[in-house]
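Curious how this folds, go ahead:
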Amino acid sequence: MITATGMRNTLRALELRRQVTVEPEMWREWANVIANVVPEATDEDLKAATDRLATFTGFLHVGHLVQALQGDTDAERATRADRIDKALQTRPLDTPDGLEDDPLAAVAWRRAAIKALGDGSDRETAEKHAWHAIGMSPPMLTPPNPAPQPC
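Model prediction:
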């Protein structure tokens, strides 16, 4: 978990490089974002992420720091994109049964499934993960009615 001191030091280092302009108490907002997106981040991780951003030209925002904390490199992003493309070429990721009337849940399900595909999960595992991520279970398939048996 990151500390207030760690976040302040990180923003101060970025400010000294003229990569950010920091308002007083802005560190709290950045810390909240990071705690929600990368909750396992530590002060040491912040330092390493700041070092990764040393060659960044331009103005940084919290998303850049999150990406650096997550360790996303161009090669990793390309690998994830390839996995997702291959999985979706065989069959598109349609809105699953049971979520047609809940667009927010459908979008969250799709995002979770795509993330799992990018992480390397197979299609079935990705879909199970997506249902778990939205806190729902897939609808049960009802078996066809059996033919009536003679008495």
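
measure Ala81 to Thr95 for me?
From Ala81 over to Thr95 the distance is 22 Å, taken as Cβ to Cβ, to the nearest Å. For the C-beta atoms, the positions are set from N, CA and C on the backbone; glycine is no exception.

The two: who's more crowded?
Thr95 (14 against 11; other Cβ atoms under 10 Å).

Report the buried residues of the helix or strand bottoming out on mean pLDDT in the chain.
Using mean pLDDT, DSSP states H and E, helix 74-90 stands out as the lowest-scoring helix or strand of the chain, at a mean of 83. Within helix 74-90, the residues that count as buried by 16 or more other Cβ atoms under 10 Å are Arg80, Arg83, Ile84, Ala87.

Stretch 110-122 now?
For stretch 110-122, using 16+ other Cβ under 10 Å, the buried residues are Arg110, Ala112, Ala113, Ile114, Lys115, Ala116, Leu117, Gly118, Ser121.

Of those residues, just say which sits nearest to Asn9.
For these, the residue nearest Asn9 by Cβ to Cβ is Lys115; the value is 30.8 Å.

Assign that closest one to helix, strand or coil.
helix (DSSP: H, G, I helix; E, B strand; the rest coil).

ok, now how distant is it from Arg83?
For Lys115 relative to Arg83 (Cβ to Cβ), the value is 11 Å.

What of Asn32?
For Asn32 relative to Arg83 (Cβ to Cβ), the value is 31 Å.

now do Ala4
Ala4 is 38 Å from Arg83, by Cβ to Cβ.

okay, how far is it across stretch 40-60, tip to tip?
22 Å (Cα to Cα, to the nearest Å).

Low-confidence ranges, this structure, go.
72-75, 141-148, 151 (pLDDT under 70).

Glu100 sits in which helix or strand?
Using DSSP states H and E, Glu100 maps to neither a helix nor a strand.

what's the neighbour count on the closest residue to it other than its chain neighbours?
Excluding the flanking residues, the one nearest Glu100 by Cβ to Cβ, 6 or more residues apart in numbering is Ala106, at 7.4 Å. If you count neighbours by other Cβ under 10 Å, Ala106 ends up with 17.

Need the contact partners of stretch 55-63.
Leu14, Gln19, Val20, Thr21, Glu29, Trp30, Val33, Ile34, Leu53, His64 (Cβ atoms under 8 Å, 6 or more residues apart in numbering).
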